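[1] predicted model and sequence below, questions to follow.
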Amino acid sequence: MEKVLQGVVAVDGPSGTGKSTTARGLAMRLGARYLDTGAMYRAATLAVMRSGVAPDATTTDADGHDEAVAVALAADLVMSTDPAEPRVRLGGEDVAAEIRGVEVTRNVSAISALTEVRRHLVDEQRRIIAEAHDDGSGIVVEGRDIGTVVAPDADLKIYLVASDTVRAGRRSAEDTSAGRATDATTTGADLARRDRLDSSRAASPLRAAEDAVEVDTSALDVEGVLDRLEELAAERGMLVSALVHTSADGR
């Protein structure tokens, strides 16, 4: 009998470990919602870049307010939680492809490190998770601080890791398939830089939650990783029959 997810699965880890593929794939496999919190920070970064404010500059307006923070907080950002169609809309425009570009990637750590921006987006992330819970839906949430900050009470916390070589290769392959010029050396340097910034920032640094299960994806294909996560969800009693789920939420 088909099984569906109930509860919250938090998927954390550095870039290139397969978070997006894994989280989205698990949500599709188990009939759950999906939230890519990294895409929210990327969209906020794009909003700042489009405004002409330098993401890494300490620029203030006439009243002394940080301009990058003001732009990010005012951004009209809407996230889809459908894993089959995870759209990211900024001002009504689908920017899912643009936020994966090189320039956004290079600047997102600077915006992610802004405490007010993180507080604002974490509140929105928690609202989305609560909405899924109220609807009786399971949700898989990915990012860098899900198990530690956004959803510390998640039913299952996963921390993905992979070797530096594998991570660089995966990210280069993603960029190449998307038509973005790149090479493994440059990609590896960018990943190391992002790891350093994300792990050392004052607000919600990248780290594994104490009760997270570490899963090394270096030698696993996508199906292998999904099988492992589904097994962990089953061990925690998070999987119910689709018939029971439908009866419970009326859908």
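    Perfect, thanks for sending it.
[2] isn't there a strand covering residue 215?
    Yes. According to DSSP: H, G, I helix; E, B strand; the rest coil, residue 215 belongs to a strand.
[3] for beta bridges, what are the partners of it?
    Assessed by DSSP bridges, residue 215 has beta-bridge partners residue 160.
[4] residues near residue 130, how many?
    By other CB atoms under 10 Å, 11 other residues sit near residue 130. Placement of C-beta: from N, CA and C, glycine included.
[5] name the element it belongs to?
    Here residue 130, judged by DSSP states H and E, is contained in helix 115-134.
[6] could you give me the average pLDDT of that helix?
    Taken as a whole, helix 115-134 has a mean pLDDT of 96.
[7] how far away from the center of its chain is it?
    12 Å (CA atoms, centre = their mean, to the nearest Å).
[8] with stretch 78-97 instead?
    13 Å.
[9] start to end distance for that stretch?
    15 Å (CA to CA, to the nearest Å).
[10] that one: which residues count as buried?
    Of all the residues in stretch 78-97, those buried under the rule 16 or more other CB atoms under 10 Å are 79-81, 83, 86, 88, 90, 95-96.
[11] near residue 42, how many other residues are there?
    Residue 42: 25 neighbours (other CB under 10 Å).
[12] could you list the low-confidence segments of the stretch 51-200 of the chain?
    57-65, 175-176, 178-184, 200 (pLDDT under 70).
[13] tell me which stretches of it form strands.
    With strands called from DSSP state E, counting those that start in this stretch, the stretch 51-200 of the chain shows them at 77-79, 88-90, 93-94, 139-143, 156-161.
[14] just send these back as CSV, with distance to residue 120 too.
    Listed next are the strands of the stretch 51-200 of the chain as CSV, based on distance: least, CB to CB, whole Å:
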stretch, distance to residue 120
strand 77-79, 10
strand 88-90, 15
strand 93-94, 20
strand 139-143, 15
strand 156-161, 23
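[15] for those, which one sits closest to residue 239?
    With CB to CB as the criterion, residue 239 lies closest to strand 156-161 of those, at 10.7 Å.
[16] now do the closest one: which elements does it pack against?
    Counting contacts by 3 or more CB pairs under 8 Å, 6 or more residues apart in numbering; DSSP states H and E, strand 156-161 is packed against strand 8-12, helix 19-29, strand 213-216, helix 222-235.
[17] okay, the ones you listed, which one's buried deepest?
    Burial of these is given as mean neighbour count (mean count of other CB atoms under 10 Å); strand 8-12 ranks first at a mean of 29.
[18] just the residues contacting it, thanks.
    If you take CB atoms under 8 Å, 6 or more residues apart in numbering as the criterion, strand 8-12 is touched by 19, 22-23, 26, 32, 129, 132-133, 138-148, 150-151, 153-160, 206, 208-209, 212, 229, 233, 238.
[19] ok, the residue nearest to residue 55 when sequence neighbours are not counted - contacts?
    Counting by CB to CB, 6 or more residues apart in numbering, residue 55 lies nearest to residue 107, which is 4.1 Å off, once chain neighbours are set aside. Under the criterion of CB under 8 Å, 6+ apart, the neighbours of residue 107 are 45, 48-49, 55-56.
[20] output the helices and strands packed on strand 156-161 as CSV; include the columns mean pLDDT and distance to residue 40.
    Formatted as CSV, those follow (pLDDT from 0 to 100; distance: least, CB to CB, whole Å):
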stretch, mean pLDDT, distance to residue 40
strand 8-12, 98, 15
helix 19-29, 96, 13
strand 213-216, 96, 24
helix 222-235, 97, 22
